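Peer 1: After the sequence you'll find the predicted model.
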Amino acid sequence: MLSSLASFTLASTLLVLLPGPDSLVVMRGLARGGRAGGVRTSLGVMTGLLVWILAAVLGLSAILQMSEIGYEVLKIVGGCYLVLLGVQTLRSIRSLRGGPSVDEAPSSRRAGFLTGFTTDILNPKIGIMFITLLPGFVPDGAPVAWTTLGFGLVYLALTGVYFAVLIVAADRIGAWMRAPRIRRRIDLVAGLALVGFGLRLATE
């Protein structure tokens, strides 16, 4: 059991560190709302991950894997959402040339959690990853459901640690990140990357 846990932790760490839409939306939240914005977006992403973990434990992700139409629909919707998010990010660059951005309104700041959650929950590849990754590390004779849940929570904890490090590091340079010139560059990179991830998700 310990060797399986160690192997899973190593594999999960590598997956968590890979750049993807989740990391991008957290960086986007940090640039817009500082540490609080990053925390809200991170919590949204992790809530989405928890939903996918529970779906894998209950076998719902297997249904998605077997349903080609359901997978394709969710993939296209998720891809379109990422493209929309990227376009919104790129459009916000113009508002930074003078005066506060509309993204800094309280209602927009509260939307950070929803952005993180929606980005994760509309990505069917997360669900497929869990249903293929988690059971593969369950040792013979171990209770599959409970062990899968335990591994899923380990993955969730590693993601939380990664986001915490990201938020703490960004908080130290928060004023620099929110400077209009730097913010424009961050939004340009994040916007283009989100559009790219969205197109790739929808068309693969």
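Peer 2: Here it is on my side, so go on. Numbering: from 1, shown residues only.

Peer 1: what is the rounded mean pLDDT of stretch 159-170?
Peer 2: If you average the pLDDT over stretch 159-170, you get 89.

Peer 1: List the contacts of the residue nearest the centre of the chain.
Peer 2: Nearest to the mean C-alpha position of the chain, by C-alpha atoms, centre = their mean, lies D22 at 2.2 Å. For D22, the contact set (C-beta atoms under 8 Å, 6 or more residues apart in numbering) comprises V45, G116, T119, D120, T159. Yep, even glycine has a C-beta here, placed from its N, CA and C like the rest.

Peer 1: swap in L60?
Peer 2: G127.

Peer 1: Any regions of this structure where pLDDT drops low?
Peer 2: Along the chain, segments meeting pLDDT under 70 span 1, 61-62, 64-66, 95-110, 171, 173-180.

Peer 1: mind listing which of the contacts of D22 are in helices?
Peer 2: The helices, defined by DSSP state H, take in V45, G116, T119, D120, T159 from the contacts of D22.

Peer 1: hmm, which two among those residues are most spread apart?
Peer 2: T119 and T159 (13.2 Å; C-beta to C-beta).

Peer 1: tell me, what's touching these two both at once?
Peer 2: Common neighbours of T119 and T159 (C-beta under 8 Å, 6+ apart) are D22, V45.

Peer 1: Which one of these two is surrounded by more residues?
Peer 2: For T119 and T159, the more surrounded residue by other C-beta atoms under 10 Å is T119, and the numbers stand at 28 against 21.

Peer 1: I'd like to know how far the residue of the chain positioned farthest from its centre sits from V168.
Peer 2: Most distant residue from the mean C-alpha position of the chain: G141, 32.9 Å away (C-alpha atoms, centre = their mean). From G141 across to V168, the span is 41 Å (C-beta to C-beta, to the nearest Å).

Peer 1: just D140 next, same as before
Peer 2: From D140 to V168 the distance is 40 Å (C-beta to C-beta).

Peer 1: Equivalent analysis for G29, please.
Peer 2: Relative to V168, and taking C-beta to C-beta, G29 is found at 14 Å.
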